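[1] Whatever this is, show me its structure:
(2 chains)
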2 protein chains.
Amino acid sequence: LLLNHYDLFRNEFLVLHPTDKAEFFSTLKQQERQIFYRTLTSEEMAEVFQGLDILDQKNMLIDLDQRYASEILNHLYADDAADFLAELDDTEALTLLKTMNLDDAKDVKELMAYPPKTAGAIMTKEFISLTSTHTAQEVIEQLRMEGPEAETIYYLYVVNQADQLVGVVSLRDLITAQSNELVENLMSQRVVSVDSSTNQEEVAQIIKKYDFLAAPVINSDGILVGIVTVDDIIDVLEDEATEDLGDFTAARGATDIHVSSFKAAQLRAPWIVLLMFFGLITAGVIDQFEETLSQIVLLAAFIPLLMGSAGNAGTQSLAVVVRGLALGTLEKKGLVRTLLREFQTGMMIGIICALALLLIIPIFYKSWILAIIVGISIFCSLSVATVIGAIVPLIINKLKLDPAFASGPFITTVNDILGLLIYFTIATSLLEFL
Amino acid sequence: LLLNHYDLFRNEFLVLHPTDKAEFFSTLKQQERQIFYRTLTSEEMAEVFQGLDILDQKNMLIDLDQRYASEILNHLYADDAADFLAELDDTEALTLLKTMNLDDAKDVKELMAYPPKTAGAIMTKEFISLTSTHTAQEVIEQLRMEGPEAETIYYLYVVNQADQLVGVVSLRDLITAQSNELVENLMSQRVVSVDSSTNQEEVAQIIKKYDFLAAPVINSDGILVGIVTVDDIIDVLEDEATEDLGDFTAARGATDIHVSSFKAAQLRAPWIVLLMFFGLITAGVIDQFEETLSQIVLLAAFIPLLMGSAGNAGTQSLAVVVRGLALGTLEKKGLVRTLLREFQTGMMIGIICALALLLIIPIFYKSWILAIIVGISIFCSLSVATVIGAIVPLIINKLKLDPAFASGPFITTVNDILGLLIYFTIATSLLEFL
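    Have a look, this model is predicted:
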């Protein structure tokens, strides 16, 4: 079909949305792809290319002759090209960069130079800037020319002679304005902008807060260097959510569903094994109290209950704090007040649990001493667990360390060890006392 | 200052971004707010109102006389008004709806009638629709008039005489087209639309996939009833991420940082107490094996290690599957294949952990039998835990039940119980055998 109706197919294909084009292309076999390379121009192919995942992109590169490949790169938005090249090894990327058009290569190199996960790294260079002395009509004429090149034409950034950002005007304002009105009078001078070194999560929060479609990125001299568009921000938010989830489940970097079970085991086993070694510490702790344990073997029965409760209370606090940090709602409250709140919350939950156990354990296990040991232990360990759950991410945030240290399982493990120490210390003291 | 320089202040205030206006307003004291009510028109106040949180909104309503209040509601976008009214009790909401302008009230009522978390519930009614027989220039003229009313003018939806959605044209296409070109020739007829009953998460995935700024919402007759804009989708993604995090940490509905410790304890204690009761089941399980335990007290030392590992492996699987469901990447793989993959992954991780423990335990605890019991147990419980972690969310998704049942702590608890049963059964059998 594809072979016999070139033109018909070509026309059908070209009206598709770029995302659908890429999706369709990725289902094709090697041989069918060859027909595409012959049929589509490099500009049309670039549109398909940017929607493919990295594996298909790399395969396409292998299939193509270098000229056609470098033309595709020229037609890509600079940020897409930079993302792709960053996935290749350095020599390959350099070779490709050299074959590219000089101007385009310069933009791509600039983007690749920013540290990952900063505004600079996720921004695009294809934005529209203007000076304030034009009229609305003139700008609309300019858009007619430059429009197809830019990633968005809905926000237009106004710069002075030194290329410094001085204002912003939306296409909406331009359209609804009188055609001879000057940009100067239409633009807003209070531009919310981000620095190129700003963390991508912060950029996302700003765009979310102001319901922006894009945010301008400036360098330390106030010069407009790029824009971050809302679709990139959606990807950032999804990535951050995936990362958070990974942190909370000892599956950091290993939540991909599309890898083989062998690869999945490879990615996930290190976390499980690492945490198992921490588990050996808890075994060591319990071992120290073997004598206490042999006096009341039933003490062992409540180890899971105590550990589970402390673990849950700790991760609750962790979730509250991590979420507060991510949404920026935590800033308003002080560090100490947050910890105090968590401590109080932990004590209150602890009292409720302790009272419940003081009622239930004597009924089922006919042992007041066991009830008192478990009751006091759960109260103490929940109070401690909430503080641990809150303090660790706060400290990590202050020190700007890798938040992986604050991941759920690590905090749970710390709380396990503390909880067991509390439990057996209380049990040993009370047993001596009797 | 506010009192003496009315006009100056008014002018300064009005150029602020709506988000900043609301932020500033929310810092004001009761008395200062009164001045705002006198100074700003209801239209200007509506802009401030929509950026406030629900508490400040309610307070404002109490402060205002009914006519001014209902004027504010008239000026709000229908979706913002519907969101606000949904937070009031029914009689209050009805009273306010009655005082509103008929047309506006109709839109708001329509939005409130859709089930929560569907495209219908989050969409806005303020969109621009046109017929295909106009020229680009005519449409731009139309925008000049209608533009300020609409939530976005960047996507324009083309409808036929029956108000059915037949095409879409972007403002960008209009601007870059010849001014006498007909909409018919500019529009894309392949419109990606969502049904009003579509789940908000699905809408978010479509907007993300196609990098849309908005998606049109149609009813069962194909009639265009509203649009969902990208800023609403960002909120949806953040809400879903918060919900996911809550599910994974027994903190569902309780991750708000801005409540008192008493309120926080009230929200969080039910989860901890509920899970503690499951913990009592594990205590019961261990109690059944008291005899085995008194033979080798050291068995208790490895309870935390086994439970922790099974819990971690289970939540890893859970994270993978939940993430796959949320991102829509799981659909491509079958249910059975996913379970099989998780089972294999669990076995492989289990073998690694078992081998490690078979080496370590004899060294530290000088007991081969203990090493064998713990080794076999960790292999079996990890294999089971990954399947449980994957199957529960898949079943819940198939049955369209509340995913709270699949939350991390519940799966961990199930895995705890199964893990302990496996552990003590193996221990008891091996001890008898010796």
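
[2] Return the residues in contact with the residue nearest to the spatial centre of chain A.
    Most central in chain A under CA atoms, centre = their mean is residue A:240, positioned 1.7 Å from the mean C-alpha point. Shown in contact with residue A:240 (CB atoms under 8 Å, 6 or more residues apart in numbering or on different chains): A:201, A:204, A:326, B:241. C-betas here are computed from N, CA, C, even on glycine.

[3] Recalculate using a threshold of 7 Å.
    A:201, A:326 (CB atoms under 7 Å, 6 or more residues apart in numbering or on different chains).

[4] now swap in the one 4 residues further on and tell me
    For residue A:244, the contact set (CB under 7 Å, 6+ apart) comprises A:322, B:241, B:245.

[5] all strands of the stretch 251-400 of chain A, in order?
    If you assign secondary structure with DSSP state E, counting those that start in this stretch, the stretch 251-400 of chain A ends up with no strands.

[6] In the stretch 301-434 of chain A, where is pLDDT below threshold?
    Under the criterion pLDDT under 70, the flagged ranges of the stretch 301-434 of chain A are A:328, A:331-333, A:401-406, A:434.

[7] To clarify, my last question referred to the stretch 1-150 of chain A.
    Per-residue confidence for the stretch 1-150 of chain A (pLDDT under 70) gives these ranges: A:1-6.

[8] for chain B, what are the nearby residues on it?
    Contact residues, the stretch 1-150 of chain A versus chain B (CB under 7 Å from any CB of the partner chain): A:15, A:17, A:19, A:140, A:143-144, A:147-148.

[9] Tell me which residue of the stretch 1-150 of chain A lies closest to chain B.
    Ranking the residues of the stretch 1-150 of chain A by distance to chain B (CB to the nearest CB) places residue A:147 first, at 4.4 Å.

[10] burial count for that residue?
    Counted with other CB atoms under 10 Å in any protein chain shown, the neighbours of residue A:147 add up to 19.

[11] can you count the residues close to residue A:392?
    The number of residues packed near residue A:392 is 21, by other CB under 10 Å.

[12] Surely residue A:226 is within a strand?
    Yes. Residue A:226 forms part of a strand when assessed by DSSP: H, G, I helix; E, B strand; the rest coil.

[13] if I look at the nearest residue to it once chain neighbours are set aside, how far off is residue B:19?
    Across the structure, with CB to CB, 6 or more residues apart in numbering or on different chains as the measure, the residue nearest residue A:226 apart from its sequence neighbours is residue A:123 (3.5 Å). Taking CB to CB, to the nearest Å as the measure, residue A:123 and residue B:19 are separated by 22 Å.

[14] go on, residue A:204?
    From residue A:204 across to residue B:19, the span is 15 Å (CB to CB).

[15] Which of the two has more residues huddled nearby?
    In this view residue A:204 and residue B:19 are compared by other CB under 10 Å, and residue A:204 has more residues nearby, 26 against 19.

[16] mind listing the helices for the stretch 1-150 of chain A?
    Residue ranges of the helices in the stretch 1-150 of chain A, as given by DSSP state H, counting those that start in this stretch, are A:6-14, A:18-26, A:30-39, A:42-51, A:54-63, A:66-75, A:78-87, A:90-99, A:102-113, A:119-122, A:136-146.

[17] How about the contacts made by residue A:171?
    With CB under 7 Å, 6+ apart, residue A:171 has these contacts: A:153-154, A:156, B:171.

[18] Pipe the contacts of residue A:244 into TSV and attach neighbour count and distance to residue A:46 per row.
    Putting the contacts of residue A:244 into TSV (neighbours: other CB atoms under 10 Å in any protein chain shown; distance: CB to CB, whole Å) gives the following:
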residue	neighbour count	distance to residue A:46
A:322	28	39
B:241	21	32
B:245	26	38
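
[19] In helices only, show me the residues you listed.
    Among those, the members found in helices (DSSP state H) are A:322, B:241, B:245.

[20] Closest to residue A:259 out of those?
    Sorting the ones in helices among the contacts of residue A:244 by how near they are to residue A:259, with CB to CB, puts residue B:241 at the top with 22.9 Å.

[21] Spell out whether stretch A:345-356 and chain B are in contact.
    Yes. For stretch A:345-356 and chain B, the contact criterion (CB under 7 Å from any CB) is met by A:345, A:348-349, A:352-353, A:356.

[22] Give me the subset of the residues you listed lying in helices.
    A:345, A:348-349, A:352-353, A:356.

[23] Can you tell me which of those residues are classed as buried?
    Members of those that pass the buried threshold by neighbour count (16 or more other CB atoms under 10 Å in any protein chain shown) are listed as A:345, A:348-349, A:352-353, A:356.

[24] Can you add distance to residue B:134 and give those back as TSV?
    As requested, those are arranged in TSV below (distance: CB to CB, whole Å):
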residue	distance to residue B:134
A:345	60
A:348	64
A:349	63
A:352	66
A:353	68
A:356	70
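
[25] Can you give the domain ranges for chain A?
    Here chain A is described, according to automatic domain parsing, as comprising the domains A:6-113, A:129-229, A:261-433.

[26] Pick the most buried one from these.
    Relative to the other members of the domains of chain A, domain A:261-433 carries the highest mean neighbour count by mean count of other CB atoms under 10 Å in any protein chain shown, namely a mean of 21.

[27] So which bits of the stretch 301-434 of chain A are right by chain B?
    Taking CB under 7 Å from any CB as the measure of proximity, the stretch 301-434 of chain A contacts chain B at A:301-305, A:307-309, A:312-313, A:315-316, A:318-320, A:323-324, A:329-330, A:333, A:341, A:344-345, A:348-349, A:352-353, A:356, A:360, A:408-409, A:413, A:416, A:420.
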